[in-house]
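Novice: have a look; sequence and predicted model below, questions after that.
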Amino acid sequence: MDWFRPISRHIIHPLYVRREGRNPYRYLRDLDRSQFFSPDQIAAIQLERLRTIVRHAYDHTEYYRKVMDQYGLNPDSLTSLDHIRTFPILTKDDIRNNPDSLISNLHTKERMIYKRTGGSTSVPLKLWVDQMAYTFKEAATLRHNSWAGYHQGDKMAALWGNTDKPRSLREKLFGLLLARVVFLDTLKMDAPYMRAFIQQVRDFRPTVLMGHAHSIYYFARFVEEEGVRDLGFSGIISTAEILYDYERAKIEQVFGNILFDRYGCEELSIIASECEAHDGLHVCAEGLYVEVLDADDQYPGKLVITDLWNHGMPFIRYEIGDMATIKTDACSCGRGLPRLGRVLGRTADVLYTPEGKAISGISILDTFTIHVPGFKQVQVIQDLIDHLTFHVVRDDATFTDESESIFGRRVAEFFGPRMRYDIRYLDKIPQTERGKYRFSICNIPQPKG
Ligand SMILES: [Zn+2]
């Protein structure tokens, strides 16, 4: 019996957030109800909030007043959600080039929460979230955690990068009393370290495992190889990376059908996550208006997202750089929140044939690992319009003389006969500085035409 759980959940966490001047539980009560509203009711809430944020952005930010005047847009003209499509897209460069004119004149940076995106491939974005929006986002995260069976006060095991940076005593106490987490640093996942982590999990008995998709997959494979069967998680939350089909299959084979994929980002916090029906990802629609341009349940489209809460630095039609498919049928869980199907990752990870035709890098990688014997994992990097570098983790048990020629035929099939390539065999796919993996990397500009 976990006697500390109710104390942490009902006393320590509420006290902590109140001391910080925030109370997410106020929003959580509403969110727990509104998730079961009908799609029409939810759309009505969104329209109301969308009109408010657009009006606010026009009245209180230099950037939006200029843009809306330039486009001849009347801030009170929004009569339907679709109408927002007449507004221009907000790009990452727009944010980089207008660091101050996007901030509302009713807010100051000092009184907001500062965020910064990871910058392994581009200049990081700096952004600010106002206190009320931040609190709402905390509440949204609590709701989506609960779908995976994780409630405040429960114990968690986390697979994360960069966990051993020096932590203050206060943070350590926070970890101990509040978050109740055991961490495994994904930047050093070798066998002795993972064995020690498994022992920690056995002693601590967390209910939920959370981490980067690929690290969970890697951990699941290790758990299987070691013959470990007693970890007893009731839910696994996969986040911060694209979850591939073969990864999901392995994780579910090892731990059972308890995997909840999640999609979010630094700029907007949680965007969408899986419910217990495991059939797509429900959007946090009370907080965000998510457009998926020209998408259906087969073909992905660009994600364009409006933050309905952050008045401090409004994000209206923000092009996040990811693509997704959508699901239009009702979910069997009864929630009225709209759903994404698959999130396909960054548009920047799209690759090109020598003729300039776009190919979703990640959707072909599954094929390489499934159909080429001895290819356990593949990372593809496009460095020229007619050249690819493949990083391959070999499985020596199944690798044959044929493997490379089978692979070569597949490459020609997808990219055409003019595509040249090299294979480099590695022990492990390299990670980004934040301990994440990118499997499809395009280092060339989008070809014209
Ligand atoms: Zn559902």
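Specialist: Ah, there it is.
Novice: residue of the stretch 151-300 of the chain with the smallest distance to the ion?
Specialist: Nearest residue of the stretch 151-300 of the chain to the ion: residue 275, at 3.4 Å (C-beta to the ion). The way it works is simple: take the backbone N, C-alpha and C, and place the C-beta from them, glycine included.
Novice: counting neighbours, what do you get for that residue?
Specialist: Residue 275 has 21 neighbours, counted by other C-beta atoms under 10 Å.
Novice: please, which helix or strand holds residue 51?
Specialist: Taking DSSP states H and E as the definition, residue 51 sits inside helix 39-60.
Novice: any idea how far the ion is from residue 384?
Specialist: Per C-beta to the ion, to the nearest Å, residue 384 is found 44 Å from the ion.
Novice: give the contact list for that residue.
Specialist: Counting by C-beta atoms under 8 Å, 6 or more residues apart in numbering, residue 384 makes contact with residue 444.
Novice: what's the pLDDT at it?
Specialist: On the pLDDT scale, residue 384 is placed at 94.
Novice: quick check: bridge partners of it?
Specialist: Under DSSP bridges, the beta-bridge partners of residue 384 are residue 387.
Novice: quick one, helices of the stretch 251-400 of the chain?
Specialist: 361-371 (DSSP state H, counting those that start in this stretch).
Novice: how about the residues of the stretch 201-350 of the chain by the ion?
Specialist: With C-beta under 5 Å from the ion as the criterion, the stretch 201-350 of the chain meets the ion at residues 275, 277, 331, 333, 335.
Novice: neighbours around the fourth one, how many?
Specialist: So the one you mean is residue 333. Around residue 333 there are 16 residues (other C-beta under 10 Å).
Novice: ok, it touching residue 274?
Specialist: No - Residue 333 lies out of contact with residue 274 (C-beta atoms under 8 Å); the separation is 9.9 Å.
Novice: and residue 231, its phi and psi?
Specialist: The phi and psi values for residue 231, taken as degrees, to the nearest 10, are phi -80, psi -30.
Novice: if I pick it, what's in contact with it?
Specialist: By C-beta under 8 Å, 6+ apart, the contact set of residue 231 is 198, 201, 202, 209, 223, 255.
Novice: show me what the strand or helix carrying the second one is packed against.
Specialist: Using DSSP H and E, residue 201 sits within helix 191-204. When contacts are defined as 3 or more C-beta pairs under 8 Å, 6 or more residues apart in numbering; DSSP states H and E, helix 191-204 packs onto strand 156-160, strand 181-185, helix 213-225.
Novice: any chance of these in JSON lines, with mean neighbour count too?
Specialist: Shown next, in JSON lines, are the helices and strands packed on helix 191-204 (neighbours: other C-beta atoms under 10 Å):
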{"stretch": "strand 156-160", "mean neighbour count": "22"}
{"stretch": "strand 181-185", "mean neighbour count": "19"}
{"stretch": "helix 213-225", "mean neighbour count": "20"}
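Novice: tell me which of those sits nearest to residue 340.
Specialist: helix 213-225 (15.3 Å; C-beta to C-beta).
Novice: compute the inter-axis angle for that closest one and strand 156-160.
Specialist: Here helix 213-225 runs at an angle of 110 degrees relative to strand 156-160 (axes from the mean of the first three to the mean of the last three C-alpha atoms, to 10 degrees).
Novice: what angle do helix 191-204 and helix 213-225 make with each other?
Specialist: Using the same axes, to 10 degrees, helix 213-225 lies at 90 degrees relative to helix 191-204.
Novice: list the helices and strands helix 213-225 packs on?
Specialist: strand 156-160, helix 191-204, strand 208-212, strand 235-239, helix 245-255.
Novice: output those as JSON lines; include the columns mean pLDDT.
Specialist: Output for the helices and strands packed on helix 213-225, formatted as JSON lines (pLDDT from 0 to 100):
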{"stretch": "strand 156-160", "mean pLDDT": "89"}
{"stretch": "helix 191-204", "mean pLDDT": "93"}
{"stretch": "strand 208-212", "mean pLDDT": "92"}
{"stretch": "strand 235-239", "mean pLDDT": "94"}
{"stretch": "helix 245-255", "mean pLDDT": "92"}
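Novice: looking at these, which is closest to residue 81?
Specialist: strand 235-239 (27.3 Å).
Novice: tell me the angle the closest one makes with strand 208-212.
Specialist: Relative orientation of strand 235-239 versus strand 208-212 (the same axes, to 10 degrees): 20 degrees.
Novice: just the residues contacting strand 235-239, thanks.
Specialist: 145, 148-150, 207-213, 216, 251, 255, 258-264, 273.
Novice: got the contact list for the helix holding residue 201?
Specialist: 155, 157, 182, 184, 185, 219, 222, 223, 226, 228, 230, 231.
Novice: for those residues, which two are the farthest from each other?
Specialist: 185 and 230 (22.9 Å).
Novice: now the farthest one out in the protein, which residue is it?
Specialist: What lies farthest from the middle of the chain is residue 401; by C-alpha atoms, centre = their mean that is 38.7 Å.
Novice: ramachandran coordinates for that residue?
Specialist: According to degrees, to the nearest 10, residue 401 has phi -60, psi -30.
Novice: please tell me how far it sits from residue 373.
Specialist: 10 Å (C-beta to C-beta, to the nearest Å).
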